[in-house]
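Q: after the sequence you'll find the predicted model.
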Amino acid sequence: MVAVVIPSYKVKDHILKVISGIGPEVDHIYVVDDQCPEHSGEFVKSNCSDARVKVISHQKNQGVGGATITGYKQALADHADIIVKLDGDGQMDAALIPKLIEPIRTAQADYVKGNRFYDLEFLRQMPFLRKLGNSGVSFMSKAASGYWNIMDPSNGFTAIHRKALDSLPLDRIDKRFFFESDLLFRLNTIRAVVAEMPMQAVYGDEKSNLKIRRVAFQFPFKYLSRMLKRIFYNYYLRDFNIGSLELVLAFVFILFGVLFGAWKWSESIITSHPATAGTVILAGLPVILGFQSLIAFLHFDVANLPQKPLSGMGDW
């Protein structure tokens, strides 16, 4: 059983077209009115005759993540096997849903995201500021989530298997625009397999509710927090492997080299005696070894992707 969740906030002009584009492969459609000032939920109730559609209304705005989580919970309660998240602004082609869910149906992945960066033709149609912003966000998300193979982390066209969704702490996931990136971090902690599907976004007269200034100030700290948590969970709490050792050695070598070098440098200034070649080597060599260990850890981390899906669904 396949369900689609559509967060609805200021998308009244597009949502009926989005719903009409959803094919027969979908059994349930949940439109989550996130306290929309345009009353898009009531608009859908009055103008949509699709029997698959159920409108859920929030009494208080919770953000795109909060609306999606509400839809996820309803889909789980209705025993959906695959849950698709589709934005209501018309930027995503609902006709791609069969392709999006195929890796989950064939037990190749637990979670699939759209990727607008796969083809050069797709990029030419993307506004320059979006290209620039997504490139920076992509690298930070890779480091934070551990999914170094994912290029378009902020893409909201996604599909997830119910077992992966059931394993996530839904109430702890960020409910605002950091939702997609935070979800990737959470998926890595349960070792879910994530894949991407090439897609083309459609840019029209829709307006983004994302505030660039808020992203620039808040997101870097959130990414750093998730990266540190992921490293602690995966390399020291739940496992200790060669990557764990490489990271410890990198920290110890670099810290010793920097502190020893700073001590000897300040000492040479006070005494007016230049440091000897041996002292310089003793300070510099640990730093070099530390960075080599850090590079080795990064190489291990890039290769340490989850390989086995949490649950195979087999043939339907």
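A: Perfect, I can see it now. Residues are numbered from 1 along each chain as shown.
Q: so Gly261 touches Ala283, yeah?
A: Yes - if you go by C-beta atoms under 8 Å, Gly261 and Ala283 touch, sitting 3.4 Å apart. Quick note: C-beta positions are derived from backbone N, CA and C, even for glycine.
Q: check contacts around Asp78.
A: Contact analysis of Asp78 by C-beta atoms under 8 Å, 6 or more residues apart in numbering lists 1, 3, 28.
Q: rebuild those as JSON lines, extending it with distance to Pro153.
A: Formatted as JSON lines, the contacts of Asp78 follow (distance: C-beta to C-beta, whole Å):
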{"residue": "Met1", "distance to Pro153": "27"}
{"residue": "Ala3", "distance to Pro153": "23"}
{"residue": "His28", "distance to Pro153": "27"}
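Q: most surrounded residue in these?
A: Each of these was scored for neighbours by other C-beta atoms under 10 Å, and Ala3 scores highest at 25 neighbours.
Q: mind checking the pLDDT average for the host helix or strand of that residue?
A: Ala3 belongs to strand 2-8 when assigned by DSSP states H and E. The average pLDDT within strand 2-8 is 96.
Q: next SSE downstream of that strand?
A: That would be, after strand 2-8 and using DSSP H and E, helix 15-20.
Q: which residues sit against that next one?
A: Counting by C-beta under 8 Å, 6+ apart, 6, 8, 11, 29, 31, 40, 43-44, 47-48, 50, 53, 86-90, 92, 94 sit against helix 15-20.
Q: just the ones of those residues in helices?
A: Judged by DSSP state H, helices contain the following of the contacts of helix 15-20: 40, 43-44, 47.
Q: poorly predicted segments of this protein, please.
A: Within the chain, the ranges that satisfy pLDDT under 70 run 119-134, 201-217, 312-316.
Q: hmm, which of the ones in helices among the contacts of helix 15-20 are the buried ones?
A: Among the ones in helices among the contacts of helix 15-20, those scoring as buried are 40, 43-44 (criterion: 16 or more other C-beta atoms under 10 Å).
Q: let's have those in JSON lines, adding distance to Met199.
A: Putting those into JSON lines (distance: C-beta to C-beta, whole Å) gives the following:
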{"residue": "Ser40", "distance to Met199": "24"}
{"residue": "Phe43", "distance to Met199": "27"}
{"residue": "Val44", "distance to Met199": "24"}
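Q: tell me the one of those nearest Leu305?
A: Checking these against Leu305 with C-beta to C-beta, the nearest one is Ser40 at 38.3 Å.
Q: can you pull out the strands in the stretch 151-300 of the chain?
A: Assigned by DSSP state E, counting those that start in this stretch, the strands in the stretch 151-300 of the chain fall at 158-161, 194-198.
Q: coming back round to it: from the contacts of helix 15-20, keep the buried residues only.
A: So, by 16+ other C-beta under 10 Å, the buried ones in the contacts of helix 15-20 are 6, 8, 11, 29, 31, 40, 43-44, 48, 53, 86-90, 92, 94.
Q: what's next to stretch 48-60, contact-wise?
A: The contact list for stretch 48-60 (C-beta under 8 Å, 6+ apart) reads 16, 19-20, 22, 26-35, 41-42, 44-45, 66-67, 70-71, 74.
Q: what about it, start to end distance?
A: Terminal residues of stretch 48-60 are spaced 24 Å apart (C-alpha to C-alpha, to the nearest Å).
Q: buried ones in that stretch?
A: Buried, per 16+ other C-beta under 10 Å, within stretch 48-60: 48, 53-58.
Q: domains for this structure, by residue range?
A: As recorded under automatic domain parsing, the domains making up the chain are 2-235, 240-303.
Q: which one of the ones you listed lies nearest to Ser311?
A: Nearest to Ser311, of all those, is domain 2-235, at 4.0 Å by C-beta to C-beta.
Q: just how off-centre is that closest one within its chain?
A: Relative to its chain's centre, domain 2-235 lies at 9 Å (C-alpha atoms, centre = their mean, to the nearest Å).
Q: residues contacting the residue nearest to Leu255 when sequence neighbours are not counted?
A: Distance criterion C-beta to C-beta, 6 or more residues apart in numbering; nearest residue to Leu255, sequence neighbours excluded, is Gly290 at 7.8 Å. By C-beta under 8 Å, 6+ apart, the contact set of Gly290 is 249-255, 257.
Q: now do the helices in the protein.
A: Using DSSP H, helices in the chain cover 15-20, 40-47, 63-77, 97-105, 120-124, 128-145, 162-166, 179-189, 212-232, 242-271, 277-303.
Q: tell me the two of the buried residues of stretch 48-60 that are most distant?
A: Using C-beta to C-beta, these reach their maximum pairwise distance at Cys48 and His58, which is 18.7 Å.
Q: what about the residue most central in space within the chain, distance to Lys99?
A: The centroid of the chain falls nearest to Ser181 when counting by C-alpha atoms, centre = their mean (2.7 Å). Using C-beta to C-beta, to the nearest Å, one gets 23 Å for the distance from Ser181 to Lys99.
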